[in-house]
Structure formats: structure tokens, C-alpha cells
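**Student:** would you be able to build a 3D model of this:
(2 chains)
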Amino acid sequence: MKFIKHHGYTSILIAGCGRLGSCMASSLSQEGFDVTVIDKDEKAFRRLRETFSGFQVIGDASDLDMLRSCGIANADIVVVATDSDNVNCMIAQIANMIFHIQQVYIRLNDPDKEELLKDTNIQAIYPAKLSMQEFIRISHIQLKEMYA
Amino acid sequence: MKIVVAGGRNKADFLIGSLLEKQNEVIVINDEESYCAYLSEKYNIPIITGNPCKRYILEEADIEDADILIALRPSDADNLTICQYAKKSFHVKKVVATIANPKNVKVFRSLGVNTTISATYTISKIIEQASTIENLVNSLTLAHENIVMSELLLTKDCKVIHHKIKDLHNMPANAIICCILRKLQMIVPNGDTELLEQDKLLILSDSQTQDSVLSIFSQGVSL
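**Tutor:** Here you go, the predicted structure:
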């Protein structure tokens, strides 16, 4: 794992405060990271744990000025987990190619979207793929080919 | 030409009609079933019902090596996805996207989608220029907004009147008066050309220096 520590802390920007975004935000904040989480729906922040000590920003995370005002330029890590794959792809590419963030992680429901990230170093997490692996592990059914 | 129209409602309908009139081969992808039914009654062209943001739908539509793809969905992120698929996976020669948020014009360009259409962006640029400079008649941006052609009318308050071009010492290096229109007559100026009231100037400059060029010719500014 590669953490870049600028001033003794690592700054993490999380787009989308759904189930995954809120879990990551709560856990990383608890661990001592400097976390900012953006969601366009104020109610989404209810999912955060009481111990969350980072920033909550209400707004559209695919808007350039919104990302800027959330300090994306100084972020070490960007995690993108909104409910739309297309929005996720757009935000991740903005972070990686416009703001040159080296560590960008994205959640994608549709594995076909991997092609769009070909020339970047954005790393994707595929829930369906992970679930399939877990199914194989707990069911002990060996599959020759895994379509996910 | 093989042209793909992805998404859109009224705009799509009008566009399809005008593209077909010009003898193009048009493929339509739209995820609204009732709208597709309407289009298929009106036009005799391939219409694919499905979300054009999905790879398998684009595959089904056989967009490989199309000349142009036009993305008309209301969401900017959707249009970016469609255009990037078209370019990266299906080798479409040119992609065009409509954009809702004018700030995304630059975002799309940085991410490889060069041709974007944003009504808000275009109109706001025109309003901005029309309202700030009184004697700016027209302005045209070229080469991805790096070069600007400004059309200026010299009124009697402009201090540059009755001066020769070589005496315009504030004129930036990256700007040139390429043409003067004087009573329907076109003059290609040189240093000795004198500027007169009611002259219309065509000035070519890079976009960064447009403001300083315009300020020279604005009313009441001394040399």
C-alpha cells in the first residue's frame, strides 16, 4: 500500500455517501485520516458513524468548482462511489487526469466500463466480481469461467 | 456518412430528419420504448431500444467505425461515457456531445471529447462580450478559443481616431488589425493608415490579449 504523507496526515476525498462511501468515510476517519465526503443529498450523511470527524459537503461531486472547493487539489486519495457508474467514471477521470491525483479508487457496477479507464491509473472495485468470489469461497463450487 | 444519434427527444427527431435529408446513414439509440416506436413509424432506419451508456447496446447497434456519434442525453456523465466508448472501443471517427453544465466544456476536452455543444456556455460568452464592450460589434473564437476575431466600430469618443496605426504603442505583440471596413470599402492597413470615425476594424488576437486589445479601442481611453 502506498500512502503519501504530506504534512503528517493523509487527505482523502470521498464522492458519494451511500453504503460504501459512508462505511469508508467512517472507518478511515476513525483511523485518523483527514476525510471529506460529498453527497448531493443531505440525508445521506445520516449513514456516517457518530465518530466521524471529517467534513461533510452537500453538492454535486461531478462539478469542477465543487471538487475544487472540497480541496481536491490537495487530496492524496480520491474514492468515487456515487450510485451512477457514469458519474463515477467522470469524477474519477477528472481527479486523475485534470487534478493529477495518483490514487483514485472507483466503484463500478458494470464491469464493461473498465475499458473507459484503460489509459489511466484509476483502480476499480467491482461488487459483482467480489460477490462471485465470495460465493465460490463459501459454497466450495469451483467455476472454470467466471462471468463478472 | 454513417452517423449515430444516441439519446435525446425533440432534438433527436429534428436532427435525424435533417441528417437523412442530406443522404446520411443514420442509426438511432434511445432507451425510451414509446419514443422508439414513434421514430420507427416516421423513419425507415435502424432504431435500437436501450441505454446507449451500456457497451452491449452500442455493440448491438453496430456503431463500429461510424463517422460521427452524437450524444444527446440530459446527463453530462452519460454523454461522456457514450463518447468515450465510441472513441476507445468502437473507433468512431468523431464524437459530439451536448452539455448541460457549461463548466464541463473544458472537462470534456481534457478527457478526449473535443466537440461539445453547450447552449448555456455559448450564449453566456456572447452576452458577456456584448454587454461589457460598447463598440464591440461581433466576436468569433477560433482554434478551440485560442484565437479571437473581434469586430469593432470606432465611434467619435474613441481616442484612437485620427491616429496612424504605427502610433498605437499599447498594441500587444500577439494582435493584428487585419482589415478596416470604411464605407463598404475594404482596406488592408499598414503602419501609415489613419483610423477614422465609423471605421470598422477586424482584429485578430489570441484570447488572453483580447481584453487589452479592446481596451485600446474603447471609448475615452487615451493612447
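**Student:** so what pLDDT did the closest residue to A:I58 other than its chain neighbours get?
**Tutor:** The shortest distance from A:I58 to any residue that is not its chain neighbour, by Cβ to Cβ, 6 or more residues apart in numbering or on different chains, is 5.2 Å, and that residue is A:E42. Backbone N, C-alpha and C define where each C-beta goes, glycine included. Each residue has a pLDDT score; the one for A:E42 is 94.
**Student:** around chain A, pick out the residues from chain B.
**Tutor:** Near chain A, the residues belonging to chain B are B:53-56, B:75-78, B:80-81, B:84-85, B:88-89, B:101, B:103-104, B:106-107, B:110-111 when assessed by Cβ under 8 Å from any Cβ of the partner chain.
**Student:** narrow those residues to those in helices?
**Tutor:** Among those, the residues falling in helices (DSSP state H) are B:55-56, B:76-78, B:80-81, B:84-85, B:88, B:104, B:106-107, B:110.
**Student:** among these, which two are most distant?
**Tutor:** The span of those, defined through Cβ to Cβ, is set by B:Y56 and B:K106 at 31.1 Å.
**Student:** more crowded one of the two?
**Tutor:** The residue with the greater number of neighbours, taking B:Y56 and B:K106 and applying other Cβ atoms under 10 Å in any protein chain shown, is B:K106; the counts read 14 against 11.
**Student:** out of everything not next to it in sequence, what's closest to that one?
**Tutor:** Nearest to B:K106 is A:L64, by Cβ to Cβ, 6+ apart, at 7.7 Å.
**Student:** A:G16 now?
**Tutor:** A:T82 (3.6 Å).
**Student:** try A:E114
**Tutor:** A:A124 (6.1 Å).
**Student:** surely that neighbour is in a strand?
**Tutor:** Yes: A:A124: assigned to a strand according to DSSP: H, G, I helix; E, B strand; the rest coil.
**Student:** list the beta-bridge partners for it.
**Tutor:** With beta bridges defined as DSSP bridges, A:A124 has these partners: A:I106.
**Student:** got the domain ranges for chain B?
**Tutor:** When chain B is parsed with automatic domain parsing, its domains come out as B:2-119, B:133-217.
**Student:** and the first one, average pLDDT?
**Tutor:** Domain B:2-119 comes out with an average pLDDT of 92.
**Student:** determine which stretch of the domains of chain B is the most buried.
**Tutor:** Burial of those is given as mean neighbour count (mean count of other Cβ atoms under 10 Å in any protein chain shown); domain B:2-119 ranks first at a mean of 18.
**Student:** now do the helices in chain A.
**Tutor:** Listed from the start of the chain, chain A has helices (DSSP H) covering A:19-30, A:64-69, A:85-93, A:127-139.
**Student:** other SSEs contacting the second one?
**Tutor:** The contact analysis (3 or more Cβ pairs under 8 Å, 6 or more residues apart in numbering or on different chains; DSSP states H and E) places helix A:64-69 against helix B:104-110.
**Student:** distance between whichever helix or strand comes after the helix it packs on and the chain's centre?
**Tutor:** For helix B:104-110, the following helix or strand on the C-terminal side (DSSP states H and E) is strand B:115-117. Averaging C-alpha positions (Cα atoms, centre = their mean, to the nearest Å) puts strand B:115-117 7 Å from its chain's average.
**Student:** low-confidence stretches in chain A?
**Tutor:** Segments of chain A classed as low confidence (criterion: pLDDT under 70) are A:1-8, A:148.
**Student:** residue numbers of it in contact with chain B?
**Tutor:** Within chain A, the positions lying close to chain B (Cβ under 8 Å from any Cβ) are A:62-65, A:84-87, A:89-90, A:93-94, A:97-98, A:110, A:112-113, A:115-116, A:118.
**Student:** surely A:S26 touches A:F52?
**Tutor:** Yes: with contact defined as Cβ atoms under 8 Å, A:S26 and A:F52 form a contacting pair (5.1 Å).
**Student:** list buried residues within the residues of chain A next to chain B.
**Tutor:** Applying a neighbour-count criterion of 16 or more other Cβ atoms under 10 Å in any protein chain shown, the buried members of the residues of chain A next to chain B are A:62-64, A:84-87, A:89-90, A:93-94, A:97-98, A:110, A:112-113, A:116.
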